[in-house]
Each structure stands twice: as C-alpha cells, then as structure tokens.
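**Student:** My questions are about this predicted structure, shown below with the sequence.
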Amino acid sequence: MKAFKFQPLLKQTLWGGDRIIPFKHLDAKMDNVGESWEISGVKDNETIAVGDGRSLNQLVNDMKEKLVGKANYERFGTEFPLLIKFIDARQDLSIQVHPTDEIAHRQGKSRGKTEMWFVMDSAPEAKLYNGLKMQITPEQYKVMVANDTICDALAQYPVKEGDCFFIPAGRIHAIGAGCFLAEIQQTSDVTYRIYDFKRKDKDGNYRQLHTQEASESIDYTVLPDYRTRYEARKNEGELLVECPYFNTAVYDLDEPMTIDYSELDSFVILIGMKGEGTLTVDGENMPFREGETVLVPATANEVRSEGTIKFLETYVLS
C-alpha cells in the first residue's frame with residue numbers, strides 16, 4: 001500500500017494571514033487564509049487524496065485496518081481519529097475551550113477535543129494563551145467574561161519556532177496574533193468561544209459566545225507551567241506528547257534515517273515543518289517538503305527519510 005498526500009482545505013477566516021499559501025507552495029490567490037486542513041475526516045470537510053480521488057473517509061472504508069491499524073479500526077470504525085491543520089493568525093483568535101469526550105456526550109456532541117500545537121517561524125511579538133495562572137471559580141469566570149477581564153486569569157507565553165504546547169480538553173487557550181503553527185487534534189469541530197475581544201464579523205455582528213457550555217467544560221486546575229519541555233536533537237526522534245488520542249515526536253534531520261514501523265499497529269502522519277527531502281515508504285519514493293503532510297498506512301514496515309527536513313510524526317495507540 002502506498003502513502004497518501006491530500007488536497008488541502010483552505011479556510012478564510014476573520015483573523016487569517018498570508019503565510020499558508022507560500023508555505024505550502026500553492027498557486028492560489030486567496031486572502032486571510034487562517035487554516036489549512038491537511039488531513040480531515042470531518043463531515044462535509046473531508047480531504048481528497050491526491051492522484052486517487054477518494055476522500056479520507058472513503059479510504060478508511062475501503063482499506064479498514066490496513067490503513068488505520070487493527071486496534072484503531074475496532075475503536076473508531078470508519079471515522080479517522082485525527083485532524084491535522086496549519087494555522088496562521090494575523091489577529092488574536094478567540095479565547096476558547098473544548099469539552100472532554102464525557103462532557104461532550106452529555107452536551108449532545110459526538111466527542112470532545114484534545115489537541116497540541118507546534119510553533120513554526122512566527123512573528124517576533126507572537127504570543128498565545130494556555131491554561132489558568134490563577135485560581136477562579138465558575139462564578140468568577142462568568143463575571144470576568146462579562147467585564148472583559150478573563151485574559152487576566154490566563155497564562156500567556158511569548159513563542160518562537162520549536163515551542164510546543166499540549167492542550168487537553170478542558171484547558172482554556174487561544175492562539176495569538178503572529179503565531180504560525182501546526183495543530184494535531186482529535187477529529188472534532190466542537191469549540192466553545194469564551195471571549196472574542198468585542199470583535200464584529202463582516203456583517204457588523206458580534207460572534208456567538210458559549211459561556212454556559214464553556215463553564216461546564218473548563219478544568220479549573222492551575223499548573224505552574226503549560227509549555228511542553230523537550231530537548232531538541234538532530235537526527236533522532238524526540239517524543240513531545242503521549243496521550244490516549246495521539247503520540248507525537250519531532251525529527252530534525254540532515255542525514256538519512258530509517259524509521260521502523262513494523263511493530264506499530266497504527267497509521268503514521270508525517271507533517272513537513274521545514275526543508276525538503278525524499279520519503280521512501282516500503283520501497284516507494286515520494287518527494288516531501290515543508291507544508292506537505294503524508295499519511296503512511298498501518299501496513300508500512302518502514303519509512304526512510306533523505307534530505308534536510310524537519311517534520312512531526314504522529315500516530316494513535318489504542
């Protein structure tokens with residue numbers, strides 16, 4: 001079985017910038033592109049395989065455990081478990097939170113959302129919010145949203161290329177202006193908007209807030225640090241995140257490397273962050289460079305990378 005690339009779904013947003021199209025080497029004339037959905041099985045937002053024509057969900061339906069792995073097929077069926085994005089924020093995104101699976105089910109949603117961010121070459125002043133820096137109650141939270149002070153309760157981080165943040169369901173967060181990053185998340189589009197800086201949409205209306213749903217979803221635990229700490233290494237994989245929804249590592253290579261997947265019961269997604277090279281998947285070569293995302297089927301025994309390239313590797317262990 002071959003590896004797959006997909007046609008990206010480019011999303012124009014109120015806060016989007018101009019970095020995604022050149023980063024992905026696309027010949028497209030679009031403004032305010034905030035997101036590129038790289039690999040998606042979200043209903044009505046499914047990515048289509050390049051040179052194949054099938055949607056991601058059709059591939060899963062046709063190939064089943066050969067594509068996603070035996071345990072993942074038993075756990076998720078024909079729904080692909082991850083959504084992969086590139087995000088370019090020209091303005092601050094809204095302050096938001098995602099529910100856990102359990103809370104999402106109680107609220108009539110199919111599942112919650114746990115995610116992570118890996119920061120690419122962002123603006124010098126780029127920052128983001130992740131987690132609470134002070135203890136507040138649900139009642140205090142509602143008051144702070146109402147009087148425009150909720151940001152005072154949030155941990156804020158200046159960011160640079162290589163920074164990593166894990167955002168489990170329930171953690172308040174927001175991507176700030178100037179951030180350019182990759183996002184790995186559960187296949188879910190459930191987002192509760194807490195605060196939107198009093199912005200209006202193109203029609204002059206305030207965007208909807210979800211104060212009550214968010215209040216039920218927030219984890220009010222305060223931690224001393226929300227940044228994912230790791231040691232950057234050349235020419236070896238470095239684990240970033242290990243959780244029930246995905247395992248993610250980063251590789252920064254300038255020499256050939258072969259990664260053994262023969263014992264892994266999962267698909268693997270490789271997300272190009274910087275540079276270019278060639279991937280050889282069980283003997284079949286394909287070019288691979290920054291801005292590209294590749295889905296390697298669970299049947300693959302090994303992937304060899306050659307060239308100078310930095311990429312994320314993510315998969316799901318059930």
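**Tutor:** That came through fine.
**Student:** in the stretch 51-200 of the chain, which spans are helices?
**Tutor:** Ranges of helices in the stretch 51-200 of the chain, per DSSP state H, counting those that start in this stretch, are 56-63, 65-68, 70-76, 101-106, 138-146.
**Student:** TSV please, covering the ones you listed and showing distance to residue 117 and mean neighbour count.
**Tutor:** Glycine gets a C-beta too; all of them are placed from N, C-alpha and C. As requested, the helices of the stretch 51-200 of the chain are exported to TSV (distance: least, C-beta to C-beta, whole Å; neighbours: other C-beta atoms under 10 Å):
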stretch	distance to residue 117	mean neighbour count
helix 56-63	22	18
helix 65-68	24	21
helix 70-76	23	16
helix 101-106	20	16
helix 138-146	23	15
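**Student:** For these, could you give me a markdown table that also reports mean pLDDT and distance to residue 34?
**Tutor:** Converted to a markdown table, the helices of the stretch 51-200 of the chain look like this (pLDDT from 0 to 100; distance: least, C-beta to C-beta, whole Å):
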| stretch | mean pLDDT | distance to residue 34 |
| --- | --- | --- |
| helix 56-63 | 97 | 21 |
| helix 65-68 | 98 | 28 |
| helix 70-76 | 96 | 27 |
| helix 101-106 | 93 | 24 |
| helix 138-146 | 94 | 23 |
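**Student:** so which of the ones you listed gets nearest residue 271?
**Tutor:** Residue 271 lies closest to helix 56-63 among those, at 15.2 Å (C-beta to C-beta).
**Student:** Mind putting the helices of the stretch 51-200 of the chain into a markdown table with distance to residue 304?
**Tutor:** Formatted as a markdown table, the helices of the stretch 51-200 of the chain follow (distance: least, C-beta to C-beta, whole Å):
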| stretch | distance to residue 304 |
| --- | --- |
| helix 56-63 | 23 |
| helix 65-68 | 20 |
| helix 70-76 | 24 |
| helix 101-106 | 36 |
| helix 138-146 | 50 |
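**Student:** Compare those helices and give me the one nearest residue 316.
**Tutor:** Once the helices of the stretch 51-200 of the chain are compared by C-beta to C-beta, helix 70-76 is nearest, at 5.6 Å.
**Student:** Restrict that closest one to CA atoms and write it as PDB.
**Tutor:** Coordinates of each C-alpha in helix 70-76 appear next as PDB, following Å, rounded to 0.1, in the frame of the first residue of the first chain:
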ATOM      1  CA  LYS A  70      -6.500  -3.200  13.700                       C
ATOM      2  CA  ALA A  71      -7.000  -1.600  17.200                       C
ATOM      3  CA  ASN A  72      -7.800   1.800  15.700                       C
ATOM      4  CA  TYR A  73     -10.400   0.300  13.400                       C
ATOM      5  CA  GLU A  74     -12.000  -1.500  16.300                       C
ATOM      6  CA  ARG A  75     -12.000   1.700  18.300                       C
ATOM      7  CA  PHE A  76     -13.000   4.300  15.700                       C
END
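**Student:** residues contacting the residue lying closest to residue 318 once chain neighbours are set aside?
**Tutor:** Closest residue in space to residue 318, ignoring its immediate chain neighbours: residue 71 at 3.6 Å, by C-beta to C-beta, 6 or more residues apart in numbering. Residue 71 sits next to 265, 266, 317, 318 when contact means C-beta atoms under 8 Å, 6 or more residues apart in numbering.
**Student:** Name all residues that make contact with the closest residue to the first one other than its chain neighbours.
**Tutor:** Taking C-beta to C-beta, 6+ apart as the measure, residue 265 lies nearest to residue 69, with 4.3 Å between them; neighbours along the chain are not counted. In this structure, residue 69 makes contact with 264, 265, 266, 267, 298, 316, 318, judged by C-beta under 8 Å, 6+ apart.
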